[in-house]
Every structure is written in structure tokens, then in C-alpha cells.
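Participant: Sequence first, then the predicted structure:
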Amino acid sequence: MRHHFGWIGLSILVAACVAAPTPQPQHSDNSPTPASSQEFAPGQSLAAERCGRCHAIDKNTAASPHDSAPPFADIVQFYPPEALSEAFSEGIMVGHEDMPEFQFSDEEVRQLINYLKSLE
């Protein structure tokens, strides 16, 4: 099954995900657990390899190389990374012709989600 996400579809996905917030891991002092660079480095490499041609993949780059590709830092503000797991594993199709169809393995999905969490 392929997922087709245009801006409207992504908006619906966000609305569904916002209704069920994801609990964050906690330290004993109740502050969120920071992600180590070792945890998200494989996902960052994967994002650079497969997505970086069009998307800005880090926190510090405001504009993506492709005008129609939102920066990853913007995406995680609207979509909880965990909510994208199924779409990454089954494939995402979007409304513009430049976005390739893709599908990630379970391990690649885990790596990519870990990286996206680091951008929140």
C-alpha cells in the first residue's frame, strides 16, 4: 500500500496525530532525555543520502534546495516523527512529480525516526 500525501493529506495526518501525544522518555529529574549523536547519526546519513538533494535535513538550514520540499525541521513541528513510521515503511507518494516514490526497511525507518526526533 502506498500513501499519497499532499498538503491536505499531511494536514489530516497531523490532526490525527496531535490528538494522541507521544510520551517522552524522562530522566529522574523529569527533563527529556537528550538524543546522543550516536543514536541519530545513522538516520542523519540516510536522510542526507536519500532526502538531502531536495530537503534541508538539519535544524540550521532554513530553505530546502528544492522549493517544494519542506525542511525536515519544519516537518517535525507539524508531524510527530513516530506518526510517519508507517508511511516510511510502506512508501510515500506526493502530489508533485519531482518527489520519488520510496520505501525504507524497518531498520532504516527506526534510524530515520530517531534522527527526526533530534530535530524536534
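Facilitator: It's in.

Participant: Okay, buried residues for stretch 46-66 please.
Facilitator: 46-47, 50-52, 54-58, 64 (16 or more other CB atoms under 10 Å). (Each C-beta comes from the backbone N, C-alpha and C, glycine too.)

Participant: Any chance of TSV for the residues you listed, columns distance to Ser89?
Facilitator: Below are the buried residues of stretch 46-66 laid out as TSV (distance: CB to CB, whole Å):
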residue	distance to Ser89
Leu46	13
Ala47	16
Arg50	14
Cys51	15
Gly52	20
Cys54	20
His55	19
Ala56	23
Ile57	19
Asp58	23
Ser64	23
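
Participant: Restricted to helices, list the residues you listed.
Facilitator: 46-47, 50 (DSSP state H).

Participant: those helices in the protein, which residues are they?
Facilitator: Under DSSP H, the chain gives helices at 7-18, 37-50, 72-78, 85-90, 106-118.

Participant: Nearest to Glu97, out of these?
Facilitator: Nearest to Glu97 among the helices of the chain is helix 7-18 (15.5 Å), distances taken as CB to CB.

Participant: What mean pLDDT does the closest one get?
Facilitator: Per-residue pLDDT over helix 7-18 has a mean of 40.

Participant: can you check stretch 91-101 too?
Facilitator: What stretch 91-101 shows for mean pLDDT is 71.
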